[in-house]
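Student: here's my sequence, what's the structure:
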Amino acid sequence: VLCPRAMGMAQKSQTLGWVTSILLLQMAIAERPRWTLNGKPRVFLDLSAYEIKIVKDFLMDKKELQLQSSETPTLGKNSVYLIEMLLPDKEDVLEFLDKGKRFPVREARVVIFFGAQEHPKVTEFAVGPLPTPIYMREISPGPGHNPSWASRPISKAEYRLIHSILIEAMKPLHQFLLDTTDYSLEDNVKDALTFTFMAPHGTKSDQRRSWFMLQRFMASHSLQPIGLEILLDHGSTDVQHWKVEQLWYNGKAYDSPEDLAQKYARGEVSITVLMESVAEDTEQPPVFSFSSDAEELPTSISMARPRVSVSHVPAYTIEDNMVFYRDWIFSFRLRPSSGLQLLNVHFQGVRIAYEVSVQEAVAHFGGHISAGTQTKYMDVGWGPDCATHQLVPGTDCPDTATFLEVIHHYDTDKPVSYPQALCLFEMPAGHHFNSNFREDFNSSAGTNGRKLVLRTISTVHHYDYIWDFMFYPNGVMKAKMHATGLIHATFYQPKEMRYVSQSQTHLFSNIHTHLVHYRIDLDVAGTKNSFQTLQIIWENINNSKKQRHPVLGNTLKKTYYSQEHQAAFHFGKPLPNYLIFSNLHTSHLGPRSRYHLQIHSKIHQVQLPGYQKKRGVSWTRYPLAVTEYQDDEKCSSSIYTQNNPWNPPVVFEDFIQNDTNIEDKDLVAWVTVGFRNIPRSEDSANMTTPKSSAGFVLQPINLPGF
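Tutor: Coordinates of the predicted model:
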C-alpha cells in the first residue's frame, strides 16, 4: 500500500507526464510545414454527410434520370448505388500543395444502376463542383471500358428477391428437409437453415447464374452444409423470369426441387441425416447470409477477443483526416469501394509516397463440387468497408486508442454513419495489439521505441480482415493484413478429399489461398524516381594468383530497370533480395534518397493456379510490378470484377502492356502478398492461425556504392 506522500508523488509524476506531452504536441504544431496549414490537406478529405446529401438531392432533382429509392423491391428501376469522393488528378493536387496553385475541383463519384431501360446498364458519373454541384459528366472505372449490367454488385434489394424466390422454390422439399436436418424453411425457428452463396455469379460474361448452399446453424457457432446446392438464374430484371435450373444433393444432380422431392418420396435418393443443431438459447454464429439491411449484419467475430489496455499518452494529433506523429504526416480515408487508403505520406518533411492503399483481396478455394471449384471471392465487389463493424475498445484496439467515424453512401438512400470504423493508437514497437496472433514479420531496421497503428476491420462473407498500417520513428512504414473468421465448408464427397480436411462429421473445410493487392505510389523526395534491385550472390573473390582453390563470398549484383516489362516479376520465381526506389536528384536530405521495399508473403515462389488467366485477377500473376504513374491506372480492380472476372472494366495486365519507360519517372509499385490455409477441426468456429498474415515494409536505406 502506498503512503500518502508516495501517492502524491505518483500523481505529480503523472501530471508532469501529461504536461510534457502537451508541450511536445504544441512544439510539433509550431514546426509544421506550410503545406499543412490553411486547410490545404482538405483536398484529401472524404465527403461529409452534408455533401453526400447535396449530391443525392442534385441527382434526384434531375427528372430525366427517373431515380427511385434503392429500397424499391424491383430490379427494373433506376437508383443510385454509390456516392464517394473522387480524388482529383495527382498533378492538380501537387500543383496546389507544393506550388500554391488553385484548389482542385472537388467532385463526387456516383454509380447509378439504370435497370428501368430497355437495355439496362451501369453508368458512373463525376458530379461537381462541391459543395454546390451544377454538372454531371460520365466517367469510366477503367481506361476506355464500361461495366456490363450483369457485372454490377448484388444490391440489398436483389438479395431480398433472391431469398424470397429460393424460399418459394424449396416448398416441395419441406418433408425432405425435415427428415434430413430436423428443420425446414417453413419452421418458426429463426435462422435454423440459411442460404449462403458462391461467387462469381456465373461461368462467363453477361451471366448471372448463382449456386447457393443450404446450411444449418451449429451449436459450435458454425455453419454446416446439408449437402443441397441450388443453381438459380437471376439475370433478368423481371423476377418472373428467374428460374431454379438445377439442384445438387449428396453427389447427384436433379432437374428441379420437384424432381428431387418426387425421387425422395419413391426412395430413390441416398440421404444423409444431420440432426445436431444449434440450441435455442445459443447465440447464432456471426456469418453473412441474406441480411436485408446493413444494420442487421452480425457483430464482428473480434468481439470474442479478450480486453487489453495500453497505458500511454499518445504522441500524435489528428486534424480532420490528417495525422501528425513525430516525424510522420499523412492523410487517410476508408473508401467504400475498395478500402483503406493513405495519402500524401511525409517523413521528416519529405514526401515518401503520394498513395499507399488496399486494392483488392481474393480468397481462392479448391474443391471438386461447385462450392469449391467455382468459389473465388473478390472482396471489393462486396463493398468491404460497408460491412465494417464498430471496433471495440480494449478488444479490437486499446482502450486509449482514438476511434474514428466514417460516413458512406453505398446501396442506401441516405448517408450512413459507421462509428468507430477506424482506430489509431501508439504502442511499443515490438508488440502487435491483437489477441488472435503475434506479429510474425518485422522490419530489418531497428524498431525500438514505439509505433503508431492505423487499423480497420472489414467483414466480407465469412471472413474478418484486419488491416493495419504502422509507422515507426526511424522512417519505417509497414502494411499488414491478417485474416480470421469462419471456415468455408463443403459437404463430404469422396473426391473432395484431395481438396479438403475434415473438421466435423460430414463437414469438410476447403484448402484456400488469400491474396491481397496493394498500390504504392512512391514519391521518394519527388516524383522522379528510378527502380533498381540488389541480389546477393556467391562469387569467387580470390584476387591472388597463388591461391589454388577459389574463395567464394557474398557479393551484390545490381540490376537497373528501364521498362515496365522488365520490372514485372512473375510468381514461380524468387524476387531479388533488395528492391530499391531511388531519387537520384539533390534534395535537402542529401544527393540520394532511397526506400527499400520488403515484401512479406507466404507464396512468393509458388506457382498459382490457372485462375490467374482470368483478366479480372491478372494482378495475381505478379508479386511485384513497377509502372509509370497514369491518371487512368489508379485502381487494379473494381466493384464489377467479382461478377465479371472474364471481361471487367479494369484489367491490371493492360497497365504493363504499354511497356513505358520507368527511368527517372513517377513510379507506382503494385504488390501482391498472401498465404495458404489448410483448415483444422479447431478452425470450425473461428480460424485464427499465427501465419495468416502478409504485407510489406517500406524502409529508408543508404547503401554505399550506389
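Student: how far away is Ser48 from Asn78?
Tutor: 25 Å (C-beta to C-beta, to the nearest Å). (Each C-beta comes from the backbone N, C-alpha and C, glycine too.)
Student: can you check Arg455 too?
Tutor: Counting by C-beta to C-beta, the gap from Arg455 to Asn78 is 38 Å.
Student: compare these two (neighbour count), which wins?
Tutor: Applying other C-beta atoms under 10 Å to Arg455 and Asn78 shows that Arg455 carries more neighbours, namely 21 against 17.
Student: just the element for the more buried one, please.
Tutor: Element membership for Arg455 (DSSP states H and E) is strand 450-460.
Student: after that strand, next one along is what?
Tutor: In the C-terminal direction, the helix or strand that comes right after strand 450-460 (DSSP H and E) is strand 463-471.
Student: and the helix or strand following that next one, C-alpha only, in CSV?
Tutor: Counting by DSSP H and E, the next helix or strand C-terminal to strand 463-471 is strand 477-485. Only the C-alpha atoms of strand 477-485 are listed here, as CSV (Å, rounded to 0.1, in the frame of the first residue of the first chain):
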residue,chain,number,x,y,z
MET,A,477,6.3,2.1,-42.6
LYS,A,478,4.6,-1.3,-42.5
ALA,A,479,1.4,-2.6,-44.0
LYS,A,480,-0.2,-5.8,-42.8
MET,A,481,-3.3,-7.9,-43.4
HIS,A,482,-4.5,-10.7,-41.1
ALA,A,483,-7.4,-12.9,-42.0
THR,A,484,-9.6,-14.7,-39.4
GLY,A,485,-13.1,-15.9,-39.3
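Student: now the angle from strand 477-485 to strand 450-460?
Tutor: 40 degrees (axes from the mean of the first three to the mean of the last three C-alpha atoms, to 10 degrees).
Student: quick one, strand 477-485 and strand 463-471 angle?
Tutor: Angle, strand 477-485 to strand 463-471, by the same axes, to 10 degrees: 160 degrees.
Student: buried residues in strand 477-485?
Tutor: 477-485 (16 or more other C-beta atoms under 10 Å).
Student: and it, how far out from the chain's middle?
Tutor: Centroid displacement of strand 477-485 relative to its chain, using C-alpha atoms, centre = their mean, to the nearest Å, is 10 Å.
Student: other SSEs contacting it?
Tutor: strand 350-365, strand 463-471, strand 512-522, strand 693-700 (3 or more C-beta pairs under 8 Å, 6 or more residues apart in numbering; DSSP states H and E).
Student: now those in a markdown table, with mean neighbour count and mean pLDDT?
Tutor: Shown next, in a markdown table, are the helices and strands packed on strand 477-485 (neighbours: other C-beta atoms under 10 Å; pLDDT from 0 to 100):
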| stretch | mean neighbour count | mean pLDDT |
| --- | --- | --- |
| strand 350-365 | 24 | 90 |
| strand 463-471 | 23 | 90 |
| strand 512-522 | 24 | 91 |
| strand 693-700 | 23 | 94 |
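Student: and Ala315, which of those is closest to it?
Tutor: strand 463-471 (11.0 Å; C-beta to C-beta).
Student: which elements pack onto that closest one?
Tutor: On a contact count with 3+ C-beta pairs under 8 Å, 6+ apart, strand 463-471 meets strand 328-335, strand 339-347, strand 350-365, strand 450-460, strand 477-485.
Student: nearest to Ala199, of those?
Tutor: Ala199 lies closest to strand 350-365 among those, at 10.0 Å (C-beta to C-beta).
Student: relative to strand 477-485, how tilted is the closest one?
Tutor: Per the same axes, to 10 degrees, the angle that strand 350-365 makes with strand 477-485 is 20 degrees.
Student: what's the angle between strand 350-365 and strand 512-522?
Tutor: Using the same axes, to 10 degrees: strand 350-365 against strand 512-522 is 160 degrees.
Student: neighbouring strands of strand 350-365 in the sheet, and parallel or not?
Tutor: As defined by DSSP bridges, the strand partners of strand 350-365 come to strand 339-347 (antiparallel), strand 376-378 (antiparallel), strand 512-522 (antiparallel).
Student: listing partners with orientation, what would you give for whichever strand or helix holds Gly227?
Tutor: Per DSSP H and E: Gly227 is located in strand 223-233. For strand 223-233, the paired strands and their directions (DSSP bridges) are strand 209-217 (antiparallel), strand 243-249 (antiparallel).
Student: of all those strands, which one is nearest Val650?
Tutor: strand 209-217 (22.4 Å).
Student: and the closest one, what's its mean pLDDT?
Tutor: Averaged across strand 209-217, pLDDT comes to 88.
Student: which parts of the stretch 101-250 of the chain are helices?
Tutor: In the stretch 101-250 of the chain, helices defined by DSSP state H, counting those that start in this stretch lie at 156-169, 174-181, listed in chain order.
Student: one step back: closest one to Trp149 among the helices and strands packed on strand 463-471?
Tutor: Closest approach to Trp149 among the helices and strands packed on strand 463-471 (C-beta to C-beta): strand 350-365, 21.9 Å.
Student: what inclination does the closest one have with respect to strand 328-335?
Tutor: 40 degrees.
Student: got the angle for strand 350-365 vs strand 693-700?
Tutor: Using the same axes, to 10 degrees, strand 350-365 lies at 160 degrees relative to strand 693-700.
Student: report the beta-bridge partners for the closest residue to Pro576 other than its chain neighbours.
Tutor: Sequence neighbours aside, Thr533 is the residue nearest to Pro576 in space, at 3.7 Å (criterion: C-beta to C-beta, 6 or more residues apart in numbering). Beta-bridge pairing for Thr533 (DSSP bridges): Thr559, Leu579.
Student: Lys480 now?
Tutor: Once the bridges are assigned, which here means DSSP bridges, Lys480 pairs with Asp468, Gly695.
Student: quick check: it touching Val697?
Tutor: No: between Lys480 and Val697 there is no contact under C-beta atoms under 8 Å: 9.1 Å.
Student: returning to what we had before: using CSV, lay out the helices and strands packed on strand 463-471 together with distance to Ala116.
Tutor: Below are the helices and strands packed on strand 463-471 laid out as CSV (distance: least, C-beta to C-beta, whole Å):
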stretch, distance to Ala116
strand 328-335, 28
strand 339-347, 31
strand 350-365, 31
strand 450-460, 30
strand 477-485, 38
